[in-house]
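In: below: sequence and its predicted model.
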Amino acid sequence: MAKLKLGVLISGRGSNLQSLIDACAAPDFPAEIVLVVSNKADAYGLERASQAAIPTKVVEKTDYQNRDDFDAALNDALESAGVELVCLAGFMLLLQDAFVTKWHNKLINIHPSLLPAFRGLHIHERVIEAGVRITGCTVHYVRPEVDDGPIIIQAAVPVHPDDTPDTLGERVLESEHKIYPEAVRLIAMGKAKPDGDVVTLGEKTELFESLINPIVK
Ligand code: GRF
């Protein structure tokens, strides 16, 4: 079966990109990364991609006259590489509605909270301040509204009483690295289809169940 062609958009260290690179290295994984695009020339994720012999492209906002031209360049890069699913992995620019609409149901994001709780930035600080006991991470289809869209998979992560935003962030990141490849696998297998505002799941694996319950880890 042909593998689903992924384009990964990054802005920084690219640890989620790495989890996708590692998953794609397995011969039976149903997807492959055909392009990594960064809007920052110094993003460490670009090195990770090069080490895995994946083509990279830098598309910086400052190189374009306006946002529409920048979005067009981003779109062209993805289309010319034959990308079928765009994965946002720490891409720190808000995408414009036209881009999101163009890639409707072909654009996914990972967010370090249990959406729809804690959208936006500085999540772990806000989670600790709110006294939340269970947090987590979410992979979702992207809609024009920030951190909104049908949820594909989530993992629950306990908040410890002595957590700092950094320690909590590290624990959540471990789960992010499990759910992102799993979400891609489900989509590539045709088992996570958006149906209106929700995703119909065609499969629930042992991994899936263990991600939901942090005690079963
Ligand atoms: C992750 O926490 C992800 O959930 C958020 O941005 C961060 C990116 O980290 N969207 P990395 O670049 O993948 O290491």
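Out: Cool, got the structure. Residues are numbered from 1 along each chain as shown.

In: need the contact list for the closest residue to the ligand within the chain.
Out: Per Cβ to the nearest ligand atom, G90 is where the chain lies closest to the ligand, at 2.6 Å. C-beta here means a position set from N, CA and C on the backbone, and glycine is covered the same way. Remark: with contacts taken as Cβ atoms under 8 Å, 6 or more residues apart in numbering, G90 is in contact with 10-17, 45, 110.

In: again, but for N213
Out: N213 sits next to A156 when contact means Cβ under 8 Å, 6+ apart.

In: distance of it relative to G149?
Out: 24 Å (Cβ to Cβ, to the nearest Å).

In: same deal with A26?
Out: From A26 to G149 the distance is 27 Å (Cβ to Cβ).

In: more crowded one of those two?
Out: Remark: of A26 and G149, G149 carries more neighbours, 26 against 10, as counted by other Cβ atoms under 10 Å.

In: that one contacts T138, correct?
Out: No: G149 is beyond contact range of T138, at 9.5 Å (criterion: Cβ atoms under 8 Å).

In: buried stuff in the longest helix seen in the chain?
Out: Counting by DSSP state H, the longest helix found in the chain is helix 165-188. The neighbour-count check on helix 165-188 (16 or more other Cβ atoms under 10 Å) flags 168-169, 171-172, 175-188 as buried.

In: what do you get for stretch 153-162?
Out: Neighbour-count burial for stretch 153-162, with 16+ other Cβ under 10 Å as criterion, is recorded at 153-157, 159.

In: same check on stretch 22-32?
Out: For stretch 22-32, burial by neighbour count (16+ other Cβ under 10 Å) applies to 23-24, 29-31.

In: in this protein, which spans are strands?
Out: 4-10, 31-38, 56-58, 85-88, 107-111, 134-141, 151-158, 192-195, 198-201 (DSSP state E).

In: which of those strands sits closest to L74?
Out: Closest of those to L74 is strand 31-38, at 6.5 Å (criterion: Cβ to Cβ).

In: please state the offset of the closest one from the chain centre?
Out: Averaged C-alpha coordinates place strand 31-38 at 12 Å from its chain's average position (Cα atoms, centre = their mean, to the nearest Å).

In: which residues sit against it?
Out: The set of residues external to strand 31-38 that reach it, using Cβ under 8 Å, 6+ apart, is 3-11, 14, 17, 20-21, 23-24, 45-46, 49, 52, 54-59, 74, 77-78, 81-83, 85, 184-185, 187-188.

In: restrict these to those near the ligand?
Out: The subset of the contacts of strand 31-38 within reach of the ligand, counting by Cβ under 6 Å from any ligand atom, consists of 14, 17.

In: pull out the buried residues from the contacts of strand 31-38.
Out: Buried members of the contacts of strand 31-38, scored by 16+ other Cβ under 10 Å, are 4-11, 14, 17, 20-21, 23-24, 45-46, 49, 52, 54, 56-57, 59, 74, 77-78, 81, 83, 85, 184-185, 187-188.
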